[in-house]
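*Asks:* What shape does this take:
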Amino acid sequence: MADENTIVVGIGLVWDGDRLVVGVRQPGSALAGRHEFPGGKCHHGESPSLATIRECHEETGLTVELIGLRLRTLYRYTHGHIDLHFFDCRPSAETPLKPPFEWRHIRELASLHFPDGNAELLADLARRPFSVAR
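*Replies:* Numbers count the residues shown, from 1 in each chain. Just a heads-up that it's a prediction; the model follows:
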């Protein structure tokens, strides 16, 4: 269970058919150069689901609707304990993605370099992929 020192994060698995929105963490950020799904830390009093919606819009330009929570996992990085909430989402409108985010086919995920905290999610996606039409 998470404690007061745990960073709570909402992450969007934004689907379009068999593709997901994936970016690359920017230089100067924790885990720079690693691939990532859009998302980020919850603000004070903000739920992981609302953080996911906000962060998806801020980072990618997409307005998303949440379909549901796919996975929650706790992971200990050197920079802190992270409580990760991964939500399946769909874009609610046709909008161009902001770089460095792009659409990647689910088959590509295994060849990308995600942070270690995503290992359980990637295994889950390989076992039970999801496909959403707009």
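*Asks:* Quick one: the strands in this protein, in order.
*Replies:* Along the chain, counting by DSSP state E, strands occupy 7-16, 19-24, 35-36, 39-41, 64-77, 80-91, 102-105.
*Asks:* Each with direction, which strands does the longest one pair with?
*Replies:* Right, the one you point to is strand 64-77. strand 80-91 (antiparallel) (DSSP bridges).
*Asks:* Next: the fourth one.
*Replies:* When pairs are called by DSSP bridges, strand 39-41 turns out to pair with strand 7-16 (antiparallel).
*Asks:* which parts of the partner strand are buried?
*Replies:* Of the residues in strand 7-16, those buried by neighbour count under the rule 16 or more other C-beta atoms under 10 Å are 8-16. Using the backbone N, CA and C atoms, a C-beta is placed for each residue, glycine as well.
*Asks:* got JSON lines for those residues, with pLDDT too?
*Replies:* Converted to JSON lines, these look like this (pLDDT from 0 to 100):
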{"residue": "V8", "pLDDT": "97"}
{"residue": "V9", "pLDDT": "97"}
{"residue": "G10", "pLDDT": "98"}
{"residue": "I11", "pLDDT": "98"}
{"residue": "G12", "pLDDT": "98"}
{"residue": "L13", "pLDDT": "98"}
{"residue": "V14", "pLDDT": "97"}
{"residue": "W15", "pLDDT": "95"}
{"residue": "D16", "pLDDT": "93"}
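*Asks:* about what we covered before: point out the most buried one among the strands of the chain.
*Replies:* Mean neighbour count (mean count of other C-beta atoms under 10 Å) peaks for strand 7-16 among these, with a mean of 23.
*Asks:* next one: that strand to chain centre, how far?
*Replies:* 3 Å (C-alpha atoms, centre = their mean, to the nearest Å).
*Asks:* repeat for stretch 69-76
*Replies:* Offset of stretch 69-76 from its chain centre (C-alpha atoms, centre = their mean): 11 Å.
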